[in-house]
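Student: below are the sequence and a predicted model; questions follow.
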Amino acid sequence: MFKDITSRSDMTSASLDVIIMLGIAFLLGFLFCYFRNRSGHEE
Amino acid sequence: MSQTNPDYTFGIASFEIILLLLASFLLGMLLCWLLRKMGLCCTARMANGRDSSPTTLEGGRRPREFPGGSTGGGYTADINTLLRHREGAVEPPPHQQPAATGASAEVAATAASVASIASIGGGHKDDLKKLEGIGPKIEQVLNAVGIQNFAQLAAMTPEQIKPILDTAGGQFKMHDPKSWPYQAELAAKGDWERLREYQNLLISGKE
């Protein structure tokens, strides 16, 4: 998928793939913060 | 876009995608942080969801005040139950020396309170560093005045602990022992999960 995106002339023609990737990254960021807070800061 | 742009190389495209992914990741974290600040999600909830805000406890004692509040951040510790069923805790003596004034009165009162809790815990020594806000130096200070375990610390009030820190030196004056007795109480009871959640609340309150 990555090669498919980068081989295109610009990002607009690969919008669906990019949106999926960004969505996953967004979700990962949210979950990272969520579980970090849940587990707490062990000191 | 079927037209190929010669300036738009594989490297530039990769860089753009990585930047976008990073931005999305950070955006997700930002949303989580905002929701947590608003108290909508991502906060560690207590298993016991009751919101107890008693005005007085048994014997006419007033409950302790805790930094961060009992409702902020979804924290609803059942403080009344903890204090009511406290074992081995001795009620600290009231300040009964109106004639004494200033620092000498404080020191005398502190000495009296420390003497009254000396027998608690049977000389058992705990790792006081497990409490948020207490480091190796402060632990040494507390040990030096005879506070060796969680039960002893739990039997004291922040107003009794503060003079100990003040007399130990200028570097300890900035420390606020407001939460220590309650933390010690949880630790003495072995309620580590609740202690951890309370400490998380304290830490998040400082941010």
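Tutor: Yes, it's here.
Student: which parts of the chain are helices?
Tutor: No chain in the question, so chain A it is. Using DSSP state H, the helices assigned to chain A run over residues A:2-6, A:15-39.
Student: wrong one, I was asking about chain B
Tutor: Using DSSP H, helices in chain B cover B:10-38, B:79-84, B:102-116, B:136-144, B:150-154, B:158-168, B:180-189, B:192-206.
Student: for chain A, which of those helices is the nearest?
Tutor: With C-beta to the nearest C-beta as the measure, helix B:10-38 is the member of the helices of chain B nearest chain A (2.7 Å). Every residue, glycine included, has its C-beta placed from N, CA and C.
Student: the closest one near chain A at all?
Tutor: Yes. Helix B:10-38 is in contact with chain A by C-beta under 8 Å from any C-beta of the partner chain, via B:10, B:13-14, B:16-17, B:20-22, B:24-33, B:36.
Student: need the buried ones from those selected in ChimeraX.
Tutor: Selection of buried members from the residues of helix B:10-38 next to chain A for ChimeraX, criterion 16 or more other C-beta atoms under 10 Å in any protein chain shown:
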select /B:13,16,17,21,24,25,28,29,31,32,36
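Student: how about low-confidence regions in the chain?
Tutor: Assuming you mean chain A. A:1-14, A:40-43 (pLDDT under 70).
Student: right idea, wrong chain: chain B
Tutor: Counting by pLDDT under 70, chain B shows low-confidence ranges at B:1-6, B:8, B:42-109, B:205-207.
Student: residue contacts, A:Phe32?
Tutor: B:Phe25, B:Gly28, B:Met29 (C-beta atoms under 8 Å, 6 or more residues apart in numbering or on different chains).
Student: 7 Å instead, please
Tutor: The neighbours of A:Phe32, taking C-beta atoms under 7 Å, 6 or more residues apart in numbering or on different chains as the test, are B:Met29.
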